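Asks: this is a predicted model, with the sequence first.
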Amino acid sequence: MQIYKVGGAVRDQLLGRPVVDTDWVVVGATPEQMLAEGYRLVGEDFPVFLHPQTGEEYALARTERKTGHGYAGFTFYAAPTVSLEEDLMRRDLTVNAMAQGGDGQLIDPYGGQQDLAARVLRHVSPAFAEDPLRVLRVARFAARYAELGFSIAAETQALMRQLAESGELQHLTAERVWHECARALMEPHPEVFIQVLHDTGALAVLLPEVEALFGVPQRAEYHPEIDTGLHVLCVLQQCALHQQNLSVRWACLLHDVGKGLTPAEVLPRHLGHEARGVGLIKKINRRLRVPKDIAELALLVGEYHTHCHRVFELKPSTLLKLLMRLDCIRRPQRLEDFANACSMDAKGRYGFEQSAYPQADYVRAAAQTLRDISIKPLLEQGLRGAELGQALELLRLRALKAFKSAQ
């Protein structure tokens with residue numbers, strides 16, 4: 001039995017980056033031997049074990065063969081005769097196909113160390129094109145390592161385009177696609193993830209509503225970058241710079257999808273794009289089975305982000321409707337996420353990256369005004385039911401009028 005450290009742990013160690021998870025490959029062993037050593041079996045499709053002390057994953061060396069569509073369309077063969085080189089060959093990128101023995105010696109049969117030095121993400125073998133999930137994974141790695149100067153090899157991009165055109169991406173489960181998108185959006189350069197998917201044709205398959213934004217013009221006085229797709233990339237970049245959470249980043253990715261439906265004859269104006277986008281955002285959220293809270297914020301930002309941009313002009317009654325729609329009293333974090341998403345949208349424009357966005361603080365202060373209102377005096381008056389609701393709304397409206405007058 002020989003044990004090797006493999007994959008991301010080796011890659012990040014060589015890059016001088018923090019190693020978060022360590023995976024191991026075991027060569028020359030059987031499942032029975034692993035169990036006898038105290039390892040716990042956890043793999044369903046192939047033998048993966050947890051170390052009895054550290055809990056780290058140890059997988060038996062294996063090969064794979066494509067037998068169907070999608071990420072799960074493979075059969076695996078694990079036996080003591082499978083070599084380390086054979087196991088490494090089935091991996092996606094050369095930088096992920098390195099191993100390290102217990103003596104610290106690097107095993108690098110496919111040139112991963114050379115590609116690390118050259119800052120290139122390159123596939124290990126033509127078998128790369130058998131797994132559609134790798135399109136998303138490579139785009140995610142590009143988003144993670146863009147700040148280090150990494151780019152995708154031309155031949156790997158060609159295989160990614162081939163996968164996008166083959167129809168294989170359509171066989172990925174919603175859960176897999178969402179999981180990769182969620183991880184990629186939290187990388188240092190989420191805009192690179194979307195750009196790579198766009199460049200390889202994968203975005204048109206996975207998120208056609210976002211793909212439709214590329215090439216759609218906007219009014220230059222508001223959007224010097226003009227192209228709506230480029231604007232979305234800029235907004236995502238701002239999300240990363242300001243360390244926004246996943247809910248905000250997902251909302252920012254989808255906030256302008258309604259502009260993809262703007263009639264050509266009215267371009268570059270986009271009146272009503274907010275309402276047009278609501279149905280598309282609902283469709284995307286359903287298709288990818290996006291978690292409820294994240295999906296709800298995306299809908300609210302899509303429908304009301306221009307309300308926030310124009311908040312100083314809103315009548316107190318309209319402002320009250322917005323704040324109650326955001327459920328700002330019971331859900332202060334949602335209000336905060338909404339304000340942050342709108343701020344990222346405003347900053348995600350050429351020349352506006354450093355601009356202040358006082359609207360966010362205005363919305364926060366208006367929401368706090370409502371939270372400061374006590375319902376107790378109304379209850380002491382004996383108000384209940386519909387009468388209580390009407391009186392409370394009137395109280396809130398008066399408070400917002402006073403708030404607006406004081407600004």
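Replies: Perfect, thanks for sending it.
Asks: alpha carbons only for contacts and neighbour counts from here, please
Replies: Will do.
Asks: which element is the closest residue to residue 211 other than its chain neighbours on?
Replies: Spatially, and ignoring its direct neighbours in sequence, residue 211 is nearest to residue 204 (5.3 Å; CA to CA, 6 or more residues apart in numbering). Using DSSP states H and E, residue 204 sits within helix 202-206.
Asks: ditto for residue 284
Replies: Counting by DSSP H and E, residue 284 is found in helix 273-288.
Asks: for the next helix or strand after that helix, name the packing helices and strands.
Replies: Following helix 273-288 in sequence order, the next helix or strand is helix 292-309 (DSSP H and E). On a contact count with 3 or more CA pairs under 8 Å, 6 or more residues apart in numbering; DSSP states H and E, helix 292-309 meets helix 246-254, helix 273-288, helix 332-347, helix 358-371.
Asks: residue 197 versus the residue nearest to residue 211, what's the distance?
Replies: In this view, residue 204 and residue 197 are 8 Å apart by CA to CA, to the nearest Å.
Asks: and residue 406, by the same measure?
Replies: 48 Å.
Asks: same thing with residue 82?
Replies: 34 Å.
Asks: tell me which of the two has more neighbours.
Replies: Using other CA atoms under 10 Å, the more surrounded residue of residue 82 and residue 197 is residue 197, with 25 against 18.
Asks: does the residue nearest to residue 211 really touch residue 195, like I thought?
Replies: No: in this structure, residue 204 is not within contact of residue 195 by CA atoms under 8 Å, at 11.5 Å.
Asks: OK, contacts around the spatially closest residue to residue 2 that is not a sequence neighbour?
Replies: Spatial nearest neighbour of residue 2, chain neighbours left out: residue 27 (5.1 Å); criterion: CA to CA, 6+ apart. Counting by CA atoms under 8 Å, 6 or more residues apart in numbering, residue 27 makes contact with 1-3, 60-61, 80-84.
Asks: could you work out the most separated pair of these?
Replies: Farthest pair in the contacts of residue 27 (CA to CA) is 3 and 81. Separation: 14.2 Å.
Asks: who's more crowded, the two?
Replies: Under the neighbour definition other CA under 10 Å, residue 3 and residue 81 were set side by side, and residue 3 has more, 20 against 13.
Asks: just to revisit the earlier point, could you dump the helices and strands packed on helix 292-309 to TSV with mean pLDDT?
Replies: Listed next are the helices and strands packed on helix 292-309 as TSV, based on pLDDT from 0 to 100:
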stretch	mean pLDDT
helix 246-254	98
helix 273-288	98
helix 332-347	98
helix 358-371	97
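Asks: what about the strands in the stretch 51-200 of the chain?
Replies: Using DSSP state E, counting those that start in this stretch, the strands of the stretch 51-200 of the chain run over 57-60, 62-66, 74-78, 99-100, 106-107, 120-121, 151-152.
Asks: from the contact counts, what lies against the last one?
Replies: The helices and strands touching strand 151-152, judged by 3+ CA pairs under 8 Å, 6+ apart, are strand 120-121.
Asks: that older thread, return the backbone torsion pair for the residue nearest to residue 2.
Replies: phi -110, psi 140 (degrees, to the nearest 10).
Asks: distance of residue 352 from residue 127?
Replies: The value you get for residue 352 to residue 127, if CA to CA is used, is 45 Å.
Asks: what's the weakest-modelled helix or strand in the chain?
Replies: Lowest on mean pLDDT, DSSP states H and E among the helices and strands of the chain sits strand 74-78, with a mean of 65.
Asks: re earlier: could you tell me the least trusted of the strands of the stretch 51-200 of the chain?
Replies: Among those, strand 74-78 carries the lowest mean pLDDT, at a mean of 65.
Asks: which residues sit in contact with residue 235?
Replies: By CA under 8 Å, 6+ apart, the contact list for residue 235 reads 252-253, 344-349.
Asks: go again using 10 Å as the cut-off
Replies: Contacts for residue 235 (CA atoms under 10 Å, 6 or more residues apart in numbering) come out as 190-191, 229, 241, 249, 252-253, 255, 341-349, 353.
Asks: domains for the chain, by residue range?
Replies: For the chain, automatic domain parsing gives the domain ranges 1-118, 119-206.
Asks: tabulate those (TSV), appending distance to residue 392.
Replies: Below are the domains of the chain laid out as TSV (distance: least, CA to CA, whole Å):
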stretch	distance to residue 392
domain 1-118	51
domain 119-206	40
